[in-house]
Each structure stands twice: as structure tokens, then as C-alpha cells.
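[1] give me the fold of what follows.
(one chain, ligands or ions: 2)
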Amino acid sequence: MLIGDSKETFYVGPLADGLNQWPLEEDLPSWRSTMETYHQKVLSAGTKLLSLIALSLKLDEDFFGKVGALNEPLGFIRLLHYPGSGDLDSSSEEVYGASAHSDYGMITLLMTDGVPGLQICREKSKQPQVWEDVPSISGAFVVNIGDMLERWTNCLFRSTLHRVLPPRQERYSVASFMEPSKDCIVECLGSCCSEACPPRFPPIKASDYLEERLRLTYVK
Ligand SMILES: O=C(O)CCC(=O)C(=O)O
Ligand SMILES: [Fe+2]
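    Ligands and ions are numbered 1, 2, ... in the order given. Purely as a prediction, here's the structure:
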């Protein structure tokens, strides 16, 4: 019996570090160039969004660049496939397509094929949790706030708790994660704390934070 998420994933890592292992051109013609173009475009959209977030926090629009969050190598793309419930092994007991989590980085730009399933919980620390369907808007990204942005803003920007219900029909999505560059120190912004509202999290190096989260997720 299988218990766990039904999702299948394929990662495309940062382009600049040359570590991606691409399928052969003759096996998947134009796939690599399509993914590289998508990677560049989605990172550029994400960088613009981060400038808007910086401005909303009364920071310089290039704040995230200046603190070293946007240095290369940057950005992971996760291609996701959720089998339709009819395609699942009848002995498996997957409860979710993707179980409840928040993403680790700054923001995630999510594109789906329109098949429902994604849900968010607005008040993540309240019990019982209330889950709402996220409607798909053709041509638009769903943008999730990640945990490191929550740390930076001392919870002014809350990371989005989300999950994917096992879809009845097959579902595809593409999640593009903007994580701060490895050496960037994520620490409470001066404008987000005061004596009455001290920093809730100590400063942390982005790579240390990420490694710890990955360890907790994958090493059980
Ligand atoms: O497939 C989706 O809609 C969400 C995927 C997701 O949350 C993730 O990959 O972190
Ligand atoms: Fe996610």
C-alpha cells in the first residue's frame, strides 16, 4: 500500500551553473530551448514582481538585488504531473496530489493547465483550517509568497499554505521558485519590526535555511 502525494515532478535548475541534464534533442526536439526561454522569462517577471514587493515595503525597488538575493545561479522550475484518480493503482491510498505546505523561497510563480485542485488556507495558524479553491485564470500566474519572504518581513507578508487535492482528471502545472541566492542573509527588515514587534526569526543564510527545509522534507 502506498501513502503519499500522487504528484510526479521534473526539475529544471538554474541555467547558469550548467548542472542540468537535458534530454537529447532528437528525443525531445526543442524542449531544452523552450525550457530555457521559459526559465529566463519567468525569472524576469518574478524579478519585476519582487521590485513591486520592495516598493510596497518602502524599500528601494532594487532592494532584493542589492542584498544579493538575485545573484546567479537563481531559480528552480518544477514541472508537475498529477495522474487522474482513474490512473492510480487501486492499492494506493494517496490522500493528496500535493499535501499542505508553503514554499521555501521568496515567491513562486505558478502556471496550471486549468484543471482544479489547488487550494489555499488563509489563516494557517487557526484551527480548524479552512481551505478555499483557487480559481484558474487563463494566462495568469498564481503567485505564492514563500517562507523566506515571511522571515524578511517578520510575517507582514505571510507565506501561503497551499495543497493540491488529487484531481479526478490528469493535471499539469509548472511552479517557478524564486529563492534568494545561496549567500544572501535573510534578516528582518528594519521597517517590519519595532520594540513592540521584535523580529520573530534570527538572521539566516539562504542556503542554510533551504538545506534544513529540504532535509526535513526528504530525510525522514
Ligand atoms: O500544482 C500546483 O498547483 C501546486 C504545486 C506546488 O505547490 C509546488 O510545487 O510547490
Ligand atoms: Fe507549493
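
[2] ok, longest helix in the protein?
    In terms of residue count, the longest helix belonging to the chain (DSSP state H) is helix 31-56.

[3] which SSE is immediately downstream of it?
    For helix 31-56, the succeeding helix or strand toward the C-terminus, using DSSP states H and E, is helix 63-66.

[4] tell me the helix or strand right after that next one.
    As the chain continues past helix 63-66, the following element, by DSSP H and E, is strand 76-82.

[5] which neighbours does that next one have in its sheet, and in what orientation?
    Here strand 76-82 is paired, per DSSP bridges, with strand 8-12 (antiparallel), strand 171-178 (antiparallel).

[6] dump the ones you listed to CSV, plus mean pLDDT, distance to Val164 and mean neighbour count.
    (Each C-beta comes from the backbone N, C-alpha and C, glycine too.) As requested, these are exported to CSV (pLDDT from 0 to 100; distance: least, Cβ to Cβ, whole Å; neighbours: other Cβ atoms under 10 Å):
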stretch, mean pLDDT, distance to Val164, mean neighbour count
strand 8-12, 94, 12, 13
strand 171-178, 97, 8, 22
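
[7] out of those, which gets nearest to Ala100?
    Counting by Cβ to Cβ, Ala100 lies closest to strand 171-178 out of these; the figure is 15.2 Å.

[8] dump that closest one to PDB, restricted to CA.
    C-alpha atoms of strand 171-178 as PDB (Å, rounded to 0.1, in the frame of the first residue of the first chain):
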ATOM      1  CA  ARG A 171      -3.400  17.700 -14.200                       C
ATOM      2  CA  TYR A 172      -0.300  19.500 -15.200                       C
ATOM      3  CA  SER A 173       1.300  22.600 -13.600                       C
ATOM      4  CA  VAL A 174       4.600  24.500 -13.700                       C
ATOM      5  CA  ALA A 175       5.900  26.000 -10.400                       C
ATOM      6  CA  SER A 176       8.800  28.500 -10.700                       C
ATOM      7  CA  PHE A 177      10.500  29.100  -7.400                       C
ATOM      8  CA  MET A 178      12.500  32.300  -6.800                       C
END
